[in-house]
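Engineer: missing the sequence, but the structure's below:
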């Protein structure tokens, strides 16, 4: 379906003419919602209409909107909840008018808001409220508390339907046939939707009340029964009055309710209940369609002159051809042979012609009057159609201008989209290029790391070789020193040999001297006998010297051989040492060159690595800025308005962001220290950007669920946090300002969001988890203490009453206090059974954990126990105070009955909270159920004793009207009527106040216990 056609149909259906909405236009709107799967087009068209300035326009809008909620696409309810605040404001604005369409619009808008809220709270119910019995049971999830709440909501819903019914009927003058007028049909048309809704609500309420009476005591549901019976009387009367209207007889078949309401105290009465069925004819025609059919029928009637009657034709025939005696038996003149003269015949002929002309004129007058009336109606219809066509033409012109403007906007949006698409393509291309460059840099970095490792290994090898060379050089030096020592030794030996040569020369000289001496001896032999002994000594010395000479000669030959060998070895070592020194110098030069090249390559790679690291950091900073900017952009997105979150989740995200900032500081300090912690800094920056972005989005979503002032404060804090995050990332993106980037402002903004979120957290969640276990025990102990104290106070009051009161008053007080004592004992037994059952639950479910850890793990269940215990203790205290006032004669019996009902509800909550995790075969669970029944019976006893005591104590005034005159009785009757009306008005207001108080109580209880916390967290 073309959406423009739907917009045209919306403008045709919702106009300022006081006529009923045409069915074809409404049907087009309904089909349009199914086509687009929502109501965006409907609300886009409606928001341009002046609903606040024209009551008829607003009334017809409510009619069309009601049809869409019933028969439109299911997403219509979700899309319409965004405009709930506008509808509430419009309802309050029209509520200032006390009559006409303004008051009706106020009532209708309240009904539509109630319908939307009902379907949002109970999504299992479709818009047309058609459900089977099985689906109705599933909607309550087989929980008596859910059925109780659902019944209250249905009664509120039906109350709004009946208010609209009564408002429409009170605005019409029922003494006239208003249902056949266009203005009357305009007001009555929406009641068809009300009749359809009311029949289903009545049926479901009856079934739910029977189900509740099978699970809860009758006294607890007394308020439900009274409210239902009042609504039953109104609905029965309204259905009867509607079925008698001509307008509804052609369009809908309204069911008739039974004479008396169902008896919920008798379970078998459910089989006697007959669900009311509303029947809409398959081909029911609207009033405007029937009117057009009537006009077409009138156009088909032959407007020619009707045929003349036989009585007129026959005289003309007789005048032309004469009459015969056989055909005119009453012509006595002819029978007697007498004929009229020509004058008489002419007179008779003229008389007959005059009579015929009169009849023809009368028929013409009647026909012309009928035709004039038909033409006048046709002219009025054409004028109305012309006015409608003119109005439609003006609307079409306005629609055309709007469509042209919208087309221009769409073109601009398309151009912007194309530009954004091109920029997105360019960004994607750059991103791909950056990714490829990053991949190449990563590969180069890996290759550099591998090359660096290889060079380190080669450096180690060269160092080892240098060490070996130095060892060899040291060994050569040692050999050289050893050779030098050997040479020195050889030189010393040579010197000693030279010394021995000198001794030889001395020996030769001694030999020469010996020869000389021998010659002298020979010459003096004879003369010197005494010198023989000295000569012998000299000979012995000579022999010794000769032997020494031989030894010296042998040693000298050996030394010469050793010296020759050492000389050869010295030459060989010197040659090898020179060659080794030359190769060592060459190797050292080559290694030095390689080391220099490696250092230069390492410096180049280090510079490239530093550049790649900084490029990676800059890319991470830019990506982080885009993440934060995207989160800020979501705040202005209309689709984000429907997202909601909880204050608890916002606190969690703020705390995570603050922790991540500490990791970012430590990562930045490590990077600045050695320029190696790039990966840690990149991870910290990216993680911080995601957390801050999530904090911004969750903060904005949380602001949708809080009051306006707090929502504005939270929104400003979120935006300031985003701006500070962008400032910090911009400073860290520059290498010069990386070390001086200050995050104090961002931390302050996050602290502000955290403080605001802490204020918005539900009060029930403010407890530390470690305190839950102790708090459960404390609350159960406090409940037991409150019950014990209440029982003691009741006993004390009973003793005081026996001492002071007498007669009927003492009997009534004893009966009431005795029933209260029984109730306190039953509650005491219930609390003890609940403690035993909770102990079994903890022992069976905690495993190796402690009792406190089990309570922390099941915090939601624990908070339910705490809330139920508080409610029981508070109820017991309040009931004792009320009983004290009743015994003293200062209180109200009704207050004591209400306190009893409240205690029954509180104990039912405690039972439900206790047995939700219990095993169905647990013995303590059976005792808890018996104790719950005992509390219920004791509550019924308190109510019964209070009612009977009230009937005994209160005195009824006897009504004696015997001494009153007619005027006084009439005056008293008027005063009674005024009092009845005032009391009914006050009763109605108190019921409305009670309903609002219950809604607020449920809302506060849900906030305190965190209901819906999981759901509100993305919205």
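Structural biologist: That came through, no problem. As the structure is a prediction and not an experimental result, all values here were calculated from the model.
Engineer: what about residue 275, distance to residue 268?
Structural biologist: Counting by C-beta to C-beta, to the nearest Å, the gap from residue 275 to residue 268 is 17 Å. To be clear about C-beta, it is placed using only N, CA and C from the backbone, and glycine gets the same treatment.
Engineer: ditto for residue 927
Structural biologist: 32 Å.
Engineer: Same check on residue 122?
Structural biologist: Using C-beta to C-beta, which is the criterion applied here, residue 122 is 29 Å from residue 268.
Engineer: Looking at these two, which is more packed in?
Structural biologist: Just comparing residue 122 and residue 268: by other C-beta atoms under 10 Å the higher neighbour count belongs to residue 122, 16 against 7.
Engineer: Excluding covalently adjacent residues, which one is nearest to that one?
Structural biologist: Spatial nearest neighbour of residue 122, chain neighbours left out: residue 139 (6.2 Å); criterion: C-beta to C-beta, 6 or more residues apart in numbering.
Engineer: Now do the contacts for that neighbour.
Structural biologist: Contact analysis of residue 139 by C-beta atoms under 8 Å, 6 or more residues apart in numbering lists 122, 124, 125, 131, 146, 150.
Engineer: Give me the secondary structure label for the second one.
Structural biologist: Per DSSP: H, G, I helix; E, B strand; the rest coil, the local secondary structure of residue 124 is coil.
Engineer: Now the phi/psi pair for residue 922, please.
Structural biologist: When read as degrees, to the nearest 10, the backbone of residue 922 gives phi -70, psi 130.
Engineer: Look up the pLDDT of it for me, please.
Structural biologist: The model reports residue 922 with a pLDDT of 78.
Engineer: Could you count how many residues lie near it?
Structural biologist: 16.
Engineer: do the same with residue 429
Structural biologist: What residue 429 shows, counting by other C-beta under 10 Å, is a neighbour count of 10.
Engineer: is it true that it lies in a helix?
Structural biologist: Yes - per three-state DSSP, residue 429 lies within a helix segment.
Engineer: and it, how far is that from residue 627?
Structural biologist: Applying C-beta to C-beta, the value for residue 429 to residue 627 is 20 Å.
Engineer: Identify the residues contacting the closest residue to residue 215 other than its chain neighbours.
Structural biologist: For residue 215, ignoring the flanking residues on the chain, the nearest one in space by C-beta to C-beta, 6+ apart is residue 144 at 4.6 Å. Contacts for residue 144 (C-beta under 8 Å, 6+ apart) come out as 212, 215, 216, 908.
Engineer: thought the last one was touching residue 932?
Structural biologist: Pointing back at residue 908 there. Yes - counting by C-beta atoms under 8 Å, residue 908 sits close enough to residue 932 to count as a contact (7.1 Å).
Engineer: These two: who's more crowded?
Structural biologist: Set side by side, residue 908 and residue 932 show more neighbours around residue 932, with 23 against 20, by other C-beta under 10 Å.
Engineer: so who does the more buried one touch?
Structural biologist: 830, 907, 908, 911.
Engineer: List the buried residues for the helix or strand where the second one lies?
Structural biologist: Okay, so that is residue 907. Taking DSSP states H and E as the definition, one finds residue 907 inside helix 893-915. Of the residues in helix 893-915, those buried by neighbour count under the rule 16 or more other C-beta atoms under 10 Å are 893, 895-911, 913-915.
Engineer: do stretch 148-168 as well
Structural biologist: Going by neighbour count (16+ other C-beta under 10 Å), the buried part of stretch 148-168 is 148-165, 167-168.
Engineer: average pLDDT across that stretch?
Structural biologist: The model assigns stretch 148-168 a mean pLDDT of 92.
Engineer: Other residues contacting it?
Structural biologist: By C-beta under 8 Å, 6+ apart, stretch 148-168 touches 103-104, 107-108, 110-111, 114-115, 118, 121-122, 139-140, 187-188, 190-191, 194, 197-198, 201-202, 204-205, 208-209, 212, 216, 224, 227-228, 231, 234-235, 238, 995, 998, 1002.
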